[in-house]
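A.B. asks: No sequence on hand, only this structure:
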């Protein structure tokens with residue numbers, strides 16, 4: 001540089017000072033802004049980290065809850081598995097027992113099937129023996145007939161030719177029982193019960209049943225009658241009712257006091273009940289004797305002209321015309337056929 005060149009002039013110091021202060025201020029503002037931004041970023045980061053931690057903690061708690069539930073379910077599953085295994089063991093034991101029982105039943109069935117004819121004949125013999133007792137002791141024809149028909153039906157279902165003689169004997173006994181005269185014991189007993197119930201309504205022969213005769217009144221001349229004439233009419237009506245004249249056909253009129261009338265009705269009722277017992281026992285002699293005695297008592301001690309006594313006598317006449325006893329057949333032929341068949345099978349070898 002030449003000495004002759006002019007030296008540049010430096011700016012004045014007052015102008016450079018404000019420019020430096022503005023730069024420093026801008027730098028400070030930038031620093032503050034950066035610090036604020038950093039603070040905001042740090043706060044946001046902290047909030048996000050806190051939320052993440054809370055979410056993580058919540059999920060950890062959920063995982064722990066699920067784990068506990070899973071452990072509980074696993075324990076329940078293990079207990080159920082143990083129970084199932086125990087029940088399976090019991091079922092296996094019962095299956096083994098049922099199999100052994102089935103084998104025993106099969107063996108028993110085979111034994112029974114080999115001897116079914118003997119069993120069937122033994123049952124039929126027992127039924128026929130009971131029916132024979134009912135027929136002989138109580139005269140129960142219906143029970144004997146049902147037993148014979150049951151035995152014939154069972155032999156018919158087996159459809160074995162060797163049972164033909166037994167079935168023929170059963171058929172003959174069935175025909176004999178069906179040929180017996182029919183007796184409706186229930187209807188006869190009901191008619192006797194009706195007579196027993198009607199005993200109290202039968203009027204006695206000398207029981208006062210006359211109606212009081214009302215004095216005749218003349219409406220037209222009632223006001224004109226004098227006191228004496230009305231009094232005389234009333235006295236005459238009373239005297240007419242004090243004396244009753246009746247015709248008695250018997251030589252000994254059965255005059256009974258009230259106490260004996262009560263016992264008469266009770267004895268008549270007992271006679272009718274005895275007749276019903278004789279009916280059930282097939283005792284025709286006792287049955288007829290009690291009915292005849294009841295008929296004679298009604299004719300002697302009761303008013304036979306009354307409606308109730310007439311109906312009772314008609315019922316007794318019909319009951320006396322009913323026969324309750326007849327020769328009772330037996331079913332011994334069927335019993336002998338069954339027993340003979342059994343004895344022949346027992347004597348047969350093998």
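C.D. replies: Yes, it's here. Here the structure is a predicted model, which is why all the values come from computation and not from measurement.

A.B. asks: from memory residue 269 sits against residue 196, does it?
C.D. replies: Yes: Residue 269 lies in contact with residue 196 (CB atoms under 8 Å); the separation is 5.4 Å. C-beta: built from backbone N, CA, C; applies to glycine.

A.B. asks: any idea where the helices of this structure begin and end?
C.D. replies: Along the chain, the segments classed as helices by DSSP state H run 13-114, 116-137, 141-158, 164-178, 185-197, 227-242, 258-280, 284-301, 307-320, 332-347.

A.B. asks: Of all the ones you listed, which one comes closest to residue 205?
C.D. replies: The closest of the helices of the chain to residue 205 is helix 284-301. By CB to CB, the value is 6.1 Å.

A.B. asks: thinking again about what came up before, nearest to residue 203, out of the helices of the chain?
C.D. replies: helix 307-320 (7.1 Å).

A.B. asks: so what does the closest one touch, helix or strand wise?
C.D. replies: With contacts defined as 3 or more CB pairs under 8 Å, 6 or more residues apart in numbering; DSSP states H and E, helix 307-320 has these neighbours: helix 185-197, helix 284-301.

A.B. asks: that older thread, return the member of the helices of the chain having the minimum mean pLDDT.
C.D. replies: Here the lowest mean pLDDT among the helices of the chain goes to helix 227-242, at a mean of 73.

A.B. asks: dump the residue contacts of residue 27.
C.D. replies: Contacts for residue 27 (CB atoms under 8 Å, 6 or more residues apart in numbering) come out as none.

A.B. asks: Quick check: which of the helices and strands packed on helix 307-320 is buried the most?
C.D. replies: With neighbours defined as mean count of other CB atoms under 10 Å, those peak in mean count at helix 284-301, which reaches a mean of 18.

A.B. asks: Now do residue 332 against residue 345, distance only.
C.D. replies: Counting by CB to CB, to the nearest Å, the gap from residue 332 to residue 345 is 20 Å.

A.B. asks: for residue 335, same thing?
C.D. replies: Residue 335 sits at a distance of 16 Å from residue 345 (criterion: CB to CB).

A.B. asks: And these two? Which one has more around it.
C.D. replies: Neighbour count, other CB atoms under 10 Å: between residue 335 and residue 345, residue 335 has more, with 18 against 12.

A.B. asks: Run a quick check on the more buried one versus residue 125, I expect a contact.
C.D. replies: Yes: under the criterion of CB under 8 Å, residue 335 is in contact with residue 125, at a separation of 7.0 Å.

A.B. asks: on that earlier part again, tabulate the helices and strands packed on helix 307-320 (TSV), appending distance to residue 53.
C.D. replies: What follows is the helices and strands packed on helix 307-320, written out as TSV (distance: least, CB to CB, whole Å):
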stretch	distance to residue 53
helix 185-197	101
helix 284-301	114
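
A.B. asks: List the contacts of the closest residue to residue 313 other than its chain neighbours.
C.D. replies: What sits nearest to residue 313 in space, not counting adjacent residues and going by CB to CB, 6 or more residues apart in numbering, is residue 298, at 6.0 Å. The contact partners of residue 298, by CB under 8 Å, 6+ apart, come to 202, 268, 304, 309, 312-313, 316.

A.B. asks: How confident was the prediction at residue 179?
C.D. replies: The model reports residue 179 with a pLDDT of 76.

A.B. asks: give me phi/psi at it?
C.D. replies: Phi and psi for residue 179, reported as degrees, to the nearest 10, are phi -80, psi -10.

A.B. asks: Report how many residues lie close to it.
C.D. replies: Residue 179, neighbours per other CB under 10 Å, totals 8.

A.B. asks: Break this protein into its domains for me.
C.D. replies: Using automatic domain parsing, the domain parsing of the chain gives 25-114, 115-181+330-347, 184-205+253-325.

A.B. asks: from the middle of its chain, how far away would the shortest one be?
C.D. replies: By that I understand domain 115-181+330-347. In terms of CA atoms, centre = their mean, to the nearest Å, the centre of domain 115-181+330-347 is set 34 Å apart from its chain centre.
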